[in-house]
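> Fold the following for me, if possible:
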Amino acid sequence: MKPLDPPPLELTIAEAAEYLGVSPKTIRAYLADGSLIARDASPLGRTRRLLRIPLAAVIELRGAYASQAVEKKPAHVSKRRAPAWEPKILKVRRPTS
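Below you'll find the predicted structure:
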């Protein structure tokens with residue numbers, strides 16, 4: 001029986017996205033806003049960057065989001081105007097004496 005390989009110490013953007021359950025685009029947004037850190041692992045002379053994200057940073061980000069209470073946003077309330085054929089509710093003002 002083959003022994004199990006240890007988990008990688010660094011993840012690609014796709015692997016980090018799968019681990020966190022988000023899209024790779026979201027991982028790139030986390031990198032841009034500083035929520036995640038990465039190193040450029042591309043060889044010299046290569047124009048396309050190969051980013052590697054430390055597993056510890058991904059686990060830390062996952063723990064930070066899991067520990068925060070997630071507030072549900074209220075359902076969307078339509079702000080449409082009532083069509084002309086619908087009755088409008090008018091406030092009746094009574095004269096004050």
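
> going forward, measure contacts and count neighbours with C-alpha atoms only.
OK.

> Low-confidence ranges, the protein, go.
1-3, 5-7, 66-95, 97 (pLDDT under 70).

> Go through it and flag its longest helix.
Determined from DSSP state H, the single longest helix within the chain is helix 55-67.

> Please name every helix or strand in contact with it.
Contact partners of helix 55-67 among helices and strands, from 3 or more C-alpha pairs under 8 Å, 6 or more residues apart in numbering; DSSP states H and E: helix 13-20.

> Mind listing residues that contact the helix it packs on?
Taking contacts as C-alpha atoms under 8 Å, 6 or more residues apart in numbering, the residues outside helix 13-20 that touch it are 23-24, 26-28, 51-53, 58, 62.

> residues near Thr96, how many?
For Thr96, the neighbour count with other C-alpha atoms under 10 Å is 4.

> swap that for Ile53, sorry
So Ile53, with other C-alpha under 10 Å, has 22 neighbours.

> Excluding covalently adjacent residues, which one is nearest to it?
Ala38 (4.4 Å; C-alpha to C-alpha, 6 or more residues apart in numbering).

> Perfect, I'm done here.
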